[in-house]
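Q: I'd like to go over a predicted model; first the sequence, then the structure.
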Amino acid sequence: MGRNRPAALVAAGILLSRIIGLVRERVFGFYFGVTDEADAFRAAFRIPNLLQTLFGEGVLSASFIPVYASLIEHEEHEEANRVAGAIFAVLSLVVSILVAIGVAAAPFLVDVIAAGFPADKRDLTVTLVRVLFPGAGLLVLSAWCLGVLNSHGKLFLSYASPVVWNAAMIGTLVWFGRRSNLPELAVWLAWGSVLGSALQILVQLPLVMRLLGRLRLGLHRRSAHVREVLRNFGPVFVGRGVVQISAYIDAWIASFLMNGSVAALTYAQNLSMLPVSLFGMSVSAAALPAMSRLRGDDAAVAAGIRDELNRGMSRIAFFIVPSAVAFVAIGDLIAGVIYQNGKFDRAVAVWVWAILAGSAVGLLATTLGRLYSQSLYALRDTKTPFRFALVRVTLTITLGYFFALHLRAWLGLPPQWSAAALAVSSSTAGWVEFALLRRAVNRRISGTGIPRARMLTLWASATLAAAVAWGVRLVVPTTRPLVLGGLVIAAFGATYFAATSMAGVEDATDLTRTIRRRFRRNA
């Protein structure tokens, strides 16, 4: 695997957890569909999830990993342990306070995030928020484990650990699904999420403690490295916060739309995040520690970051371009394969497809933007991504309000299209943020980007794959979503892989050689 091995380990861990996550979503769709209870659970889950997002992987990746990984690289293990212990102590203290505040302020938070919910749906959402908040706090500490493991090159376990969280929720749905009404099942599922959060920490702790040797708990305010992490923490925290605000604004607007809009939006977001998590996060998560460990003068570090960045972007584009095209061309079948059963019927799959297509517009920008942000974090620049995040949020709020509540009506489109309009507004803002990040990075290290010829090849191959997939769709005589969707998706993937292989795209040819070697070994 060579240079791609760290990213492959991250991808393997994410793939495993995402597969189980899709099983969880399918089971959730079977029981809840786009009912009021589904809306309530999705909205409730977003509120405490803000805690995990703000203090979790994104913030720790930007502030903790560059400092900690550098200390490990320079074999300053005692200081590294001091930094790890200080960050654990700070996170534990702050998160405990915020969990208590979140539980007490649940009614107010629900009124802010889901202002359009009627009384019964609101009351259920408040109950769910109070149950879910402690679990979100546990997931923050799980992200601390991820930061330690990633810095030591132990990439698989940290990204595979959500498997146990998903498994706990699946088990809860299966056990209580047949014996509870939907409001009761939603509450049981929230408790299942809390249990899964605890299990996610427990599976990582043994290896984390083995790597640390002894955890030096304390604030350690005299340590310059601890102060650097905390100093970087502020801009990243706010930057991640304003990005999340845009997602919460989407949910707030969706709460005023037709019933089921919050649930449908979340189903689509979960699908659109799959390639982002699997390919974008795997590359960027592996790249940050590697960039942070670079040594030499400024020119040498810049060259190393540029190398990592360009290689990572090319690899990301190979997977994200066909994902975006597939979401637009055959998104209903993708939604059908993953979700369609029980209360999640064909009409809901088509609704989710419209939202998914809107998200696909900004898929590449969002994924590449994440890698550009990581390169700035490796350069110890946390303020630039923060400023651009503010621009993105402002655009998302403005465009989201206009697209969802006004433009759809002016165009005479059905109410279902309002949620799709929200996705388009977020995609548009994502492209603006990406352009700003790329310009900022190029000013620092210059020469970054994906060759135009490669991009044209990828888009042409994905378009050809979509045409072949539609041909298969028209000739296959079946209405069963799993069978039809499986055949069409397989045709799309095979065509894209064949086209890029014949065009000599490096990722495709490397994969071909790997497959051939394994066949020869097994022969």
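A: The structure has been received and is ready for your questions. Numbering: from 1, shown residues only.

Q: show me where the stretch 301-450 of the chain has its strands.
A: Assigned strands in the stretch 301-450 of the chain: none (criterion: DSSP state E, counting those that start in this stretch).

Q: for it, what spans make up the helices?
A: Along the stretch 301-450 of the chain, the segments classed as helices by DSSP state H, counting those that start in this stretch run 346-360, 363-378, 383-402, 408-411, 417-445.

Q: per-domain residue ranges of the protein.
A: As recorded under automatic domain parsing, the domains making up the chain are 2-450, 452-518.

Q: compare the mean pLDDT across those domains and name the weakest.
A: Taking each of the domains of the chain in turn, the lowest mean pLDDT turns up on domain 2-450, with a mean of 82.

Q: ok, back up a step: so which of the domains of the chain is the most surrounded?
A: domain 2-450 (a mean of 20; mean count of other CB atoms under 10 Å). (Each C-beta comes from the backbone N, C-alpha and C, glycine too.)

Q: what about A467, which helix or strand?
A: Counting by DSSP states H and E, the secondary-structure element that holds A467 is helix 452-475.

Q: and the contacts of the helix or strand that comes right after that helix?
A: Elements were assigned by DSSP H and E; along the chain past helix 452-475, the next helix or strand is helix 481-502. Surrounding helix 481-502, the residues in contact under the criterion CB atoms under 8 Å, 6 or more residues apart in numbering are 318, 322, 326, 329-330, 333-334, 336-337, 340, 346, 349, 457-458, 460-462, 464-466, 468-473, 476, 478, 507-509, 511-512.

Q: repeat that for stretch 110-128.
A: By CB under 8 Å, 6+ apart, the surrounding residues in contact with stretch 110-128 are 36-37, 39-41, 43-47, 106-107, 129, 183, 186-187, 190, 248, 251-252, 255-257, 262.

Q: let's see 6 Å
A: In this structure, residues lying in contact with stretch 110-128 by CB atoms under 6 Å, 6 or more residues apart in numbering are 36, 40-41, 43-44, 47, 106-107, 183, 190, 248, 252, 255-256.

Q: so how far does it reach from one end to the other?
A: 10 Å (CA to CA, to the nearest Å).

Q: residues touching W191, list them.
A: By CB under 6 Å, 6+ apart, W191 lies in contact with V131.

Q: run the chain-centre distance for the helix or strand harbouring it.
A: Here W191, judged by DSSP H and E, is contained in helix 182-212. Mean-position distance between helix 182-212 and its chain equals 19 Å (CA atoms, centre = their mean, to the nearest Å).

Q: with stretch 474-487 instead?
A: Average the C-alpha atoms of stretch 474-487, do the same for its chain, and the two points are 29 Å apart (CA atoms, centre = their mean).

Q: quick one: terminal-to-terminal distance for that stretch?
A: Stretch 474-487 has its terminal residues 11 Å apart, counting by CA to CA.

Q: going forward, begin numbering at 12 instead of 1
A: I'll keep to 12 as the first residue from here, and by that count the last item is stretch 485-498.

Q: returning to what we had before: and the contacts of stretch 121-139 as JSON lines, adding distance to N321 and secondary structure?
A: Output for the contacts of stretch 121-139, formatted as JSON lines (distance: CB to CB, whole Å; DSSP: H, G, I helix; E, B strand; the rest coil):
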{"residue": "D47", "distance to N321": "48", "secondary structure": "helix"}
{"residue": "A51", "distance to N321": "45", "secondary structure": "helix"}
{"residue": "F52", "distance to N321": "42", "secondary structure": "helix"}
{"residue": "A54", "distance to N321": "40", "secondary structure": "helix"}
{"residue": "A55", "distance to N321": "42", "secondary structure": "helix"}
{"residue": "I58", "distance to N321": "39", "secondary structure": "helix"}
{"residue": "A117", "distance to N321": "46", "secondary structure": "helix"}
{"residue": "P118", "distance to N321": "50", "secondary structure": "helix"}
{"residue": "P194", "distance to N321": "52", "secondary structure": "helix"}
{"residue": "A201", "distance to N321": "44", "secondary structure": "helix"}
{"residue": "Y259", "distance to N321": "34", "secondary structure": "helix"}
{"residue": "W263", "distance to N321": "38", "secondary structure": "helix"}
{"residue": "S266", "distance to N321": "42", "secondary structure": "coil"}
{"residue": "F267", "distance to N321": "43", "secondary structure": "coil"}
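
Q: so can I have a markdown table of the residues you listed showing distance to L135?
A: Compiled in a markdown table, the contacts of stretch 121-139 are given as follows (distance: CB to CB, whole Å):
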| residue | distance to L135 |
| --- | --- |
| D47 | 8 |
| A51 | 4 |
| F52 | 8 |
| A54 | 10 |
| A55 | 8 |
| I58 | 13 |
| A117 | 12 |
| P118 | 12 |
| P194 | 6 |
| A201 | 10 |
| Y259 | 19 |
| W263 | 18 |
| S266 | 13 |
| F267 | 18 |
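
Q: sweet, I'm off.
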